[in-house]
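S.K.: here you go, sequence then predicted model.
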Amino acid sequence: MQDEKQKLMQIVNLGLEFAQIKDFDLLLERILTEARQFVNADAGSIYIREGSILKFSYCQNETLRKKLPHGKKLIYATFTIPINEKSISGYVAYTGKTQNIPNVYTLPGGVPYSFDKRYDELSQYRTRSMLSIPLKTNRGDVIGVLQLINAQDNNANIIPFAIDDEPLIMHFANNAAMAVERAQMTRAIILRMIKVAELRDPKETGAHVNRVASYSVEIYETWALKKGIPQKEIDKNKDILRMAAMLHDVGKVAISDAILKKPGKLDPSEIEIMRQHSFLGAKLFSDKYSDFDDAALQVALNHHERWDGNGYPGHVDPLTGTPMPSHVNEKGGAIGKKGEEIPVFGRVVAIADVYDALCSRRVYKEPWDESKVLETLSKDSGSHFDPDMIDSFFSNLDVIRNITARYPDK
């Protein structure tokens, strides 16, 4: 009884912690991590409902992770499955009923679903016990499925999931579903802002900003760990960085169509006007009500600064774009920020944004070959980019490529 009370208190506390996480992707990571620990599961995944399908959105596997080099992350492909009775997760989403299966290779007779062993064959991992729980909102709507794989005893032997844990993990899933729904709303609001920008600038697509944001989080986390920043602080910063990075170019909504949609290269006067998007974007977040507002301001204002001080807009007042009195150059303009004068979030998004721009098609250019892109980033380490962050970018190249595949241009 005491153990059950402790678990209930743990679920309540986790629900409060989930409510503090704003970013959708980072929330899924935290939910799956805590759920696996709660029932001592070796692996697991989260599917998110998108209309009549489930999207495989997040995955963890401790056995496969241990086979990777230190610091490397598990790479997985996203896919979709229909919501119907033919698959286990589809069945759970379709019926809203939890399924606790001792061994997926010996399913009981009469069940309408089957287990697709191709996933095991591809990953060379053996799935046995599986606990699949619907993520239900307060209205009873199923917005996803939490799937936990291979419960373990204290000696790491694979065992069935305990029936006694089902009510507790279902309560956990309900709290998680409420947090997911809130995070989905936050993501939707940000993407609506992006769509407004996309109406003005066709380059500002949902795929582009999701890539830049995801790259930024991976680069930042590796850099921060190397710097000895505590994990709790890293997790908090990842949450606000991802959302802020999505809005890095939102200031372009204030730039005229004649410049934004010009099919060729801009002339010098047009370039100067285009550069105003940095402080115009920052101005949107100048009334700082939260850490996110501060992060979004820092990203918008600083992601075009250069490590060598030759970037823009430099030391300016974010409300007016005018040079700070103590940082005026001989031409009357603002002196560029240099090195660690540039805020961390600005330095990391600079790398993510340039990488994606070079890899992407534009009206004035074709996408660059990856080898040329990587050569350019390496060459510009210490001039355009923070060299430590460039090192973190290259150490995450497999993850970066996976993100690119996950958010393709339509």
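M.R.: Yep, that arrived. Numbers count the residues shown, from 1 in each chain.

S.K.: show me the helices in the stretch 101-250 of the chain, by range?
M.R.: 118-123, 166-200, 206-226, 231-246 (DSSP state H, counting those that start in this stretch).

S.K.: which of those is buried the deepest?
M.R.: helix 206-226 (a mean of 22; mean count of other C-beta atoms under 10 Å). C-beta: built from backbone N, CA, C; applies to glycine.

S.K.: can you check what angle separates that one from helix 231-246?
M.R.: 150 degrees (axes from the mean of the first three to the mean of the last three C-alpha atoms, to 10 degrees).

S.K.: tell me the domain ranges of this protein?
M.R.: 2-182, 201-406 (automatic domain parsing).

S.K.: for those, which one sits closest to M193?
M.R.: Checking the domains of the chain against M193 by C-beta to C-beta gives domain 201-406 as the closest, at 6.2 Å.

S.K.: endpoint to endpoint, that closest one covers what distance?
M.R.: End-to-end span of domain 201-406 (C-alpha to C-alpha, to the nearest Å): 22 Å.

S.K.: do you know how far H277 is from H304?
M.R.: 9 Å (C-beta to C-beta, to the nearest Å).

S.K.: ok, now G206?
M.R.: In this view, G206 and H304 are 22 Å apart by C-beta to C-beta.

S.K.: tell me where the model's unsure across the stretch 1-150 of the chain.
M.R.: 1-2, 4 (pLDDT under 70).

S.K.: again, only using 50
M.R.: Residues of the stretch 1-150 of the chain that meet the criterion pLDDT under 50 lie in 1-2.

S.K.: ok, which stretches of the stretch 51-200 of the chain are strands?
M.R.: Assigned by DSSP state E, counting those that start in this stretch, the stretch 51-200 of the chain shows strands spanning 53-61, 80-82, 99-101, 130-136, 142-152, 158-159.

S.K.: can you report how many residues neighbour P367?
M.R.: 14 (other C-beta atoms under 10 Å).

S.K.: same thing with P160?
M.R.: Residues near P160, counting by other C-beta under 10 Å: 15.

S.K.: that one - nearest residue in space that isn't next to it in sequence?
M.R.: On the basis of C-beta to C-beta, 6 or more residues apart in numbering, the spatially nearest residue to P160 that is not a chain neighbour turns out to be P102, at 3.9 Å.

S.K.: and that neighbour, what does it touch?
M.R.: 128-129, 160-161 (C-beta atoms under 8 Å, 6 or more residues apart in numbering).

S.K.: buried ones only from the residues you listed, please, as a PyMOL command.
M.R.: To isolate the buried members of these in PyMOL, using 16 or more other C-beta atoms under 10 Å:
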select buried, resi 128+129+161
